[in-house]
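Trainee: My questions are about this predicted structure, shown below with the sequence.
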Amino acid sequence: MTFSRAIVSITLLGVGLVAGATLTASSPLATSNVKNLLRVPLADAFTPGREVLVDLVEISPNAVLDRHWHPGEEFHYYLEGDVEIKIDGEAPIIGTPGAVGHVPFQKRHVAVAGKQGAKVLVFRVHTKGEPWRYVDSKDAPDR
């Protein structure tokens, strides 16, 4: 290989690595892991048509989750990492360990995780029989 070919190859390799790193940094995968810990119906005499869901939600570092809403009231207890919950028409929630948050009934919102990701205990008073969330981008329920 000639010297000029070696320089061109090294330059192209460097440009490719920088472009790949930039693409990864600016487009994090929007992933979360949701583990249902409890799903129990509430007494109809108390509150008809409602159930309680308790989930452990883990959000990947730097992930931006799809804009969505829940058919219920949602309460958070932030366990690890950090996340910003951006709620339509409301002040954002800055979730850090030990903090709590509330997303009102059917309010659209998005979660943006920090560099460590986040682990959140989520408690919902939920409309019985409905999917746990509706994603705006697909307009289809997640079950």
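Mentor: Arrived safely.
Trainee: So, low pLDDT: which residues of the chain?
Mentor: 1-31, 137-143 (pLDDT under 70).
Trainee: for it, longest strand please?
Mentor: Looking across the chain with DSSP state E, the single longest strand is strand 109-127.
Trainee: Flag every buried residue along that strand.
Mentor: 109-114, 117-120, 122-126 (16 or more other Cβ atoms under 10 Å). Where you see a C-beta, it was placed from the backbone N, CA and C, and this is true even at glycine.
Trainee: do stretch 52-67 as well
Mentor: In stretch 52-67, counting by 16+ other Cβ under 10 Å, buried: 53, 55, 57-60, 62-65.
Trainee: okay, now D136: neighbour count?
Mentor: Number of residues near D136 (other Cβ atoms under 10 Å) recorded here: 11.
Trainee: Residue ranges of each domain in the protein, please.
Mentor: Per automatic domain parsing, the domain ranges recorded for the chain read 1-28, 32-142.
Trainee: what's the most buried one of these?
Mentor: domain 32-142 (a mean of 16; mean count of other Cβ atoms under 10 Å).
Trainee: Check the buried residues of stretch 52-67 and tell me the two furthest apart.
Mentor: L53 and N62 (26.5 Å; Cβ to Cβ).
Trainee: give me the element the closest residue to P41 other than its chain neighbours is part of.
Mentor: In this structure, P41 finds its nearest non-sequential neighbour in E51, 4.6 Å apart by Cβ to Cβ, 6 or more residues apart in numbering. According to DSSP states H and E, E51 maps onto strand 50-59.
Trainee: coming back round to it: from the buried residues of strand 109-127, which is closest to V103?
Mentor: Nearest member of the buried residues of strand 109-127 to V103, counting by Cβ to Cβ, is H109, at 5.5 Å.
Trainee: I am finished for the moment; much appreciated.
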